[in-house]
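**Student:** Dropping the sequence and predicted coords here.
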Amino acid sequence: MGELRKIVVGVDGSAPSLAALQWAVDEAARSGACIDAVYAYAYPIVPAAHPAVVVVPTDRLEQEGRNILDVAIAGIEGAARASITPRVVQGVPGRVLAAEASDADLLVVGTRGHGGVKGLLLGSVSHHVTRHSPCPVVVVPAPDERHRGTAARAGEGAAAT
């Protein structure tokens, strides 16, 4: 894959994002790259019967993101030997990841996360970053999807397994 200095990986705690984090850690072990594990959150839209303002404290959302990253990193084989920087960023996940990858050599995401329709092979975040990332993208399937050959690298037009 060439010499990598920095890998950005999107993590939301879902099985595909954990597979993406494991893939990034394995690649970093081979290449010596550092990893930015990024959890992006957007303010939730809360429907109300009456016009209301619902305020969700930013610190609560950031803490939830830090907790998700801490648990995810702790559960990854080889993570203790990797140089991983956990980052919690407010914003739409696809846009945040594309922006965070501006100085990266590789962006890694799972096929889909906690949002969207569960039956889709490629989620909205992975679809967005494959179209808008400034660097190559690896989309890693969840372990139960690996036989479907859904891993793809943006810009190359070929499936990667």
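**Tutor:** Arrived safely. Numbers count the residues shown, from 1 in each chain.
**Student:** mind listing the strands for this structure?
**Tutor:** 6-10, 34-41, 84-90, 106-110, 137-140, 152-153 (DSSP state E).
**Student:** how many other residues sit next to residue 18?
**Tutor:** Using other Cβ atoms under 10 Å, residue 18 is surrounded by 21 other residues. C-beta here means a position set from N, CA and C on the backbone, and glycine is covered the same way.
**Student:** Does it touch residue 79 like I think?
**Tutor:** No: contact between residue 18 and residue 79 fails when scored by Cβ atoms under 8 Å: they sit 10.9 Å apart.
**Student:** quick one on the thing from earlier: ranking the strands of the chain by mean pLDDT, which is last?
**Tutor:** For these, mean pLDDT drops lowest on strand 152-153, to a mean of 39.
**Student:** from memory residue 39 sits against residue 11, does it?
**Tutor:** Yes: between residue 39 and residue 11 there is a contact under Cβ under 8 Å: 5.5 Å.
**Student:** which of the two has more neighbours?
**Tutor:** Each of residue 39 and residue 11 has its neighbours counted (other Cβ under 10 Å); residue 11 has more, 28 against 24.
**Student:** can you pull the pLDDT of the more buried one?
**Tutor:** pLDDT, read off for residue 11, is 97.
**Student:** Same check on the one 5 residues further on?
**Tutor:** The per-residue pLDDT reported for residue 16 equals 92.
**Student:** just residue 43 next, same as before
**Tutor:** Reported pLDDT for residue 43: 75.
**Student:** Run a quick neighbour tally on it.
**Tutor:** 12.
**Student:** Next one: it from residue 60, what distance?
**Tutor:** Per Cβ to Cβ, to the nearest Å, residue 43 is found 11 Å from residue 60.
**Student:** for residue 30, same thing?
**Tutor:** 38 Å.
**Student:** And residue 12, by the same measure?
**Tutor:** Counting by Cβ to Cβ - residue 12 and residue 60 are separated by 16 Å.
**Student:** who's more crowded, these two?
**Tutor:** residue 12 (24 against 9).
**Student:** Pull the contacting residues for the residue nearest to residue 61 when sequence neighbours are not counted.
**Tutor:** Nearest non-adjacent residue to residue 61, counting by Cβ to Cβ, 6 or more residues apart in numbering: residue 41, 5.1 Å away. Contact analysis of residue 41 by Cβ atoms under 8 Å, 6 or more residues apart in numbering lists 61, 62, 64, 65, 88, 89, 90, 91, 93.
**Student:** could you flag which of these are buried?
**Tutor:** Those of the contacts of residue 41 that meet the buried threshold are 61, 65, 88, 89, 93, by 16 or more other Cβ atoms under 10 Å.
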